[in-house]
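J.: whatever this is, show me its structure:
(chains A and B)
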Amino acid sequence: MNTLLMQRKSIDRRIQRVLGVSLLLVCAASYLAVYRPASLARAQIIDDMSDAQLQLDEDRQRASSLDSVRAEVEKLERQLKRFKPLSGRKELPAFHEQLSGLGDATGIRKYTLNQRSSISLATCREWPTDVTFEAGFDDAARFLRRLESIDRLTRVRRLKIDTIDSRQGTVRVSLSLSLFSTEE
Amino acid sequence: MVEWYPKLLRQRRLLKLQAWVSAAVVVGVLIYVALERKALGSARRMSEVIQNDLSSAQSKIEQLDKLLGLRKQLESRRSIVESLGLPIETSRLLGELSGCMGPGTSLAMIEMELVEREPDLIGSADRRVPGGSGSQGGPKPMQQFADIRIMGVAPSTSEISHFYNNIVRRPFFMRVSPPNSREASDNELITREFELTLSMPLTSASVAAVRRGER
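T.: Numbers count the residues shown, from 1 in each chain, chains lettered A, B, ... in the order given. Predicted coordinates for the structure are as follows:
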């Protein structure tokens, strides 16, 4: 009886030890495999989230001006639609060709073009050209209309119309025309 | 018999308790794992939502940057256009002047030049803009005007007055000088040669000055 009791006690102690060790292992494993990585991952996500939230708040604040900037751009585009476009520097030869072509109009005589050196302005570059010709008054007016219809930002800085022959209605026109281009 | 039996019972109770505690710890660990996974999942979803919001905000920022660049370009174009003043359509100017003339009046010479004047010195010394060089710098913003000198021939002073009155009535002509005229003869026909000067505002500020009655 005593031997049986001793055996039973020994089995129970072994079970107790196994349970104790298993419990410790489960605790250690859950700490190492679950708690620690999960805590680190969560901390990392929270850090990322707070950084992203800060960035988001900053971006949202900046982007809040999007509508007003868009409205301003649309307003500026509407305002500038009334004006002819600024030429690029590469378009100068094409402009000079257009000017030379204007001299081929009927009724235009002694057509001369004199391109002066360009002038750098604060925000753009000016390319002045002196134009002179003789024509009947109507032809001269037609020439000026064609000159105005060139789709580039230009200005007539000076214009002089002198009568040569009042009976025939011929005039001498001299004008200084400037084309404006970007600096690039 | 009396001694060992309670000991055995106590031992069995301890063992049972230990088994229950172990089972409770395992269940607790499992519940914790499940809860942790759920919390991590929801944190990741939240983070994804924020990242999505962030990328949409960043696309708005990109749009904003493009618009700001465009606005800068347009403002630069506007400042160029403003510094140049309104364009004069010379053919329309000739048409307007022709419309002011009565029968028998003809123009012998028209001269137009762009000038700049300081806003509070309208009528004082002008600064010519040969090739636009005058439009740079300066302590006060300059306003652009087109100064026009006209010489013509009319049969009599009444036609010259008619021409002058018609010019004065046009709202965009300002500082119209009373015409100087003198007698002239053309193939035994007595006529009168006249000369007058006038000005046209070309910048919005100078147009406003004209509207305020500084003509």
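J.: downstream neighbour of whichever strand or helix holds B:Gly28 in the secondary structure list?
T.: Assigned by DSSP states H and E, B:Gly28 belongs to helix B:4-84. Next helix or strand after helix B:4-84 toward the C-terminus (DSSP H and E): helix B:90-100.
J.: just give me the neighbour total for the closest residue to B:Pro87 other than its chain neighbours.
T.: Once flanking residues are discounted, B:Pro87 sits nearest to A:Arg155: 6.2 Å by Cβ to Cβ, 6 or more residues apart in numbering or on different chains. Any C-beta I mention is one placed from the backbone N, CA and C, and that applies to glycine too. Applying other Cβ atoms under 10 Å in any protein chain shown, we find 21 residues neighbouring A:Arg155.
J.: dig out what A:Arg155 forms beta bridges with.
T.: For A:Arg155, the beta-bridge partners are A:Ser178 (DSSP bridges).
J.: how about it, what does it touch?
T.: A:Arg155 sits next to A:177-178, A:180, B:84-85, B:87-88, B:114, B:132 when contact means Cβ atoms under 8 Å, 6 or more residues apart in numbering or on different chains.
J.: what's the angle from the helix or strand containing B:Ile160 to helix B:90-100?
T.: Here B:Ile160, judged by DSSP H and E, is contained in helix B:157-169. Comparing the axes of helix B:157-169 and helix B:90-100 via axes from the mean of the first three to the mean of the last three Cα atoms, to 10 degrees yields an angle of 130 degrees.
J.: for helix B:157-169, C-alpha coordinates in CSV please.
T.: Output of helix B:157-169 as CSV, limited to C-alpha atoms (Å, rounded to 0.1, in the frame of the first residue of the first chain):
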residue,chain,number,x,y,z
THR,B,157,-12.5,127.8,-89.7
SER,B,158,-16.0,126.4,-89.2
GLU,B,159,-14.9,123.0,-90.6
ILE,B,160,-11.8,123.1,-88.3
SER,B,161,-14.1,123.8,-85.3
HIS,B,162,-16.4,121.0,-86.4
PHE,B,163,-13.4,118.7,-86.5
TYR,B,164,-12.1,119.9,-83.1
ASN,B,165,-15.6,119.6,-81.4
ASN,B,166,-16.0,116.0,-82.7
ILE,B,167,-12.6,115.1,-81.3
VAL,B,168,-13.3,116.6,-77.9
ARG,B,169,-16.6,114.6,-77.8
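J.: can you name the residues that contact B:Leu114?
T.: A:155, A:157-158, B:85, B:88, B:128-129, B:144-147, B:202.
J.: can you add distance to A:Glu134 and give these back as TSV?
T.: TSV is the format used below for these (distance: Cβ to Cβ, whole Å):
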residue	distance to A:Glu134
A:Arg155	23
A:Arg157	21
A:Arg158	17
B:Gly85	29
B:Ile88	22
B:Arg128	26
B:Val129	27
B:Gln144	29
B:Phe145	29
B:Ala146	24
B:Asp147	24
B:Leu202	28
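J.: between the residues you listed, which is nearest A:Asp57?
T.: Nearest to A:Asp57 among the contacts of B:Leu114 is B:Gly85, at 45.9 Å by Cβ to Cβ.
J.: and the gap between that closest one and chain A?
T.: For B:Gly85, the distance to chain A (Cβ to the nearest Cβ, to the nearest Å) stands at 8 Å.
J.: after the helix or strand bottoming out on mean pLDDT in chain B, which helix or strand is next?
T.: In chain B, no helix or strand scores lower on mean pLDDT, DSSP states H and E than strand B:127-128, which sits at a mean of 50. Counting by DSSP H and E, the next helix or strand C-terminal to strand B:127-128 is strand B:143-154.
J.: give me the distance from that next one to the chain's centre.
T.: Distance of strand B:143-154 from its chain centroid, counting by Cα atoms, centre = their mean, to the nearest Å, is 32 Å.
J.: could you do stretch A:67-81 as well?
T.: Mean-position distance between stretch A:67-81 and its chain equals 14 Å (Cα atoms, centre = their mean).
J.: is chain B contacted by that stretch?
T.: Yes. Applying Cβ under 8 Å from any Cβ of the partner chain, one finds stretch A:67-81 in contact with chain B at A:69-70, A:72-73, A:76-77, A:79-80.
J.: how about those residues in TSV, adding distance to B:His162 and secondary structure?
T.: Listed next are the residues of stretch A:67-81 next to chain B as TSV, based on distance: Cβ to Cβ, whole Å; DSSP: H, G, I helix; E, B strand; the rest coil:
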residue	distance to B:His162	secondary structure
A:Val69	54	helix
A:Arg70	53	helix
A:Glu72	49	helix
A:Val73	50	helix
A:Leu76	44	helix
A:Glu77	45	helix
A:Gln79	39	helix
A:Leu80	41	helix
